[in-house]
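Student: Got a predicted model here, sequence first, then my questions.
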Amino acid sequence: MPSLLHFGEDDLLNCRFAVSPLWETQEAVRTLNRPVRHGYHAHWLRRIRAAAAGLDLAPLWLLMPQRGYSPDWLGPPPLGPAASFEDEIAAVRAADPEVARAETARSLADTPGAGASPHGRALLADPARTVRELTDLLELAWHTLVEPDWPRLRVLLEADIAFHSRRLAEVGLGGLLPEIDRRFGWRSHTLTVEVSGRHERHLAGQGLVLMPSVFSWPDVISGFEPPWQPTLVYPARGVGGLWTEPADRTPDALVRLLGRGRATVLTALDEPAGTTALAHRLRLAPSSVSAHLAALRDAGLLVSRRYGHQVLYERTPLGIALVSGGD
């Protein structure tokens, strides 16, 4: 049965996009234990295999049932459109132990035998210790599995948001949602999400957080119980090419016109990106990329806009024409 999310007029005004490094960390941990997700991440899995083997992720996996509830205290909705991992993990660390125990028990009940297992009994016996230890484990998983690749992941997630934000302006929320994923349907201010298990919720003015994810592919996830803001997680665009190394496709004519560095930066901006992410992707010094971006913007080939704590650059129509004309 599908999940149903009912929108009122105020809900349409309170929808937002978000990126969550904490969520990607949780889903990276989940992906390690779910072979069905491995297809697009083979390169990443090979690279982190040795480091992942040094993590005891069993307590987290126990709270990630194949079908069922994962505790909201362990992965609350993102605090803002561009929250840092440090901000998000601080919220997890501050979880109320009694709420954590109740949600942990509910999650364990969705996996036969989990509550009676040694790990399950330990999680329930001392909820304050459980909060401390699982928060520490999540933080270690972030540093080991996700943080080294976060610039690359963030570029993909922010590009997804930039694309869908433009589509939102063009077709509205009702037109956008079915475009984001074929499992989303929209009719008469009700969003239908084709997921396992039935869930129905009136948003009651809270609106909806739309969150692209790299590691949740191929799943869509509709979740978070009151009082959390409802959140819909969907696979980000471009996951298939995430781990491939980009070929140098800078047109020779553009190199002769702009120079190698500026031409490479302009060509790389298929989707909006910031200085740090571009420097990481192109293996250039951030100072060099910043200088190239400033020159390209001054020449009318790029525009910049602020997103959260960073500035994103994207091509102007003139910049697009120059890159396309060089092919």
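Tutor: Yep, it's here.
Student: From here on, just use CA atoms for contacts and neighbour counts.
Tutor: Noted.
Student: Now do the contacts for Phe184.
Tutor: Each residue near Phe184 by Cα atoms under 8 Å, 6 or more residues apart in numbering is listed here: Leu177, Pro178, Leu191, Thr192, Val193, Glu194.
Student: I'd say the third one and Asp181 touch.
Tutor: No. Using Cα atoms under 8 Å, Leu191 makes no contact with Asp181, being 12.0 Å away.
Student: the more surrounded of these two?
Tutor: Comparing Leu191 with Asp181 by other Cα atoms under 10 Å, the one with more neighbours is Leu191, at 19 against 15.
Student: So what sits opposite the more buried one in the bridge?
Tutor: According to DSSP bridges, the residues that bridge with Leu191 are Leu5, Trp186.
Student: Look up the pLDDT of it for me, please.
Tutor: Per-residue confidence for Leu191 comes out at a pLDDT of 88.
Student: dump the residue contacts of it.
Tutor: Taking Cα under 8 Å, 6+ apart as the definition, contacts of Leu191 comprise Leu4, Leu5, His6, Phe7, Phe184, Gly185.
Student: what's the distance between Leu5 and Leu168?
Tutor: Leu5 is 18 Å from Leu168, where distance means Cα to Cα, to the nearest Å.
Student: Look at those two and report which has more neighbours.
Tutor: Taking neighbours as other Cα under 10 Å, Leu5 and Leu168 compare with Leu5 leading, 20 against 15.
Student: follow-up on the earlier one: so which of the contacts of Phe184 is the most crowded?
Tutor: Counting by other Cα under 10 Å, Val193 has the largest number of neighbours within these, with 25 neighbours.
Student: So that one sits against His6, correct?
Tutor: No. Checked against Cα under 8 Å, the pair Val193 and His6 is beyond contact range at 11.3 Å.
Student: Go through this structure and flag its longest helix.
Tutor: Under DSSP state H, the helix in the chain containing the largest number of residues is helix 150-180.
Student: Report the buried residues of that one.
Tutor: Within helix 150-180, the residues that count as buried by 16 or more other Cα atoms under 10 Å are 150-162, 164-165, 167, 173-174, 176-178, 180.
Student: which residue packs closest to Tyr69, ignoring adjacent ones?
Tutor: Ser107 (5.1 Å; Cα to Cα, 6 or more residues apart in numbering).
Student: quick one, phi/psi of the one you found?
Tutor: Backbone torsions for Ser107, taken as degrees, to the nearest 10, come to phi -70, psi -40.
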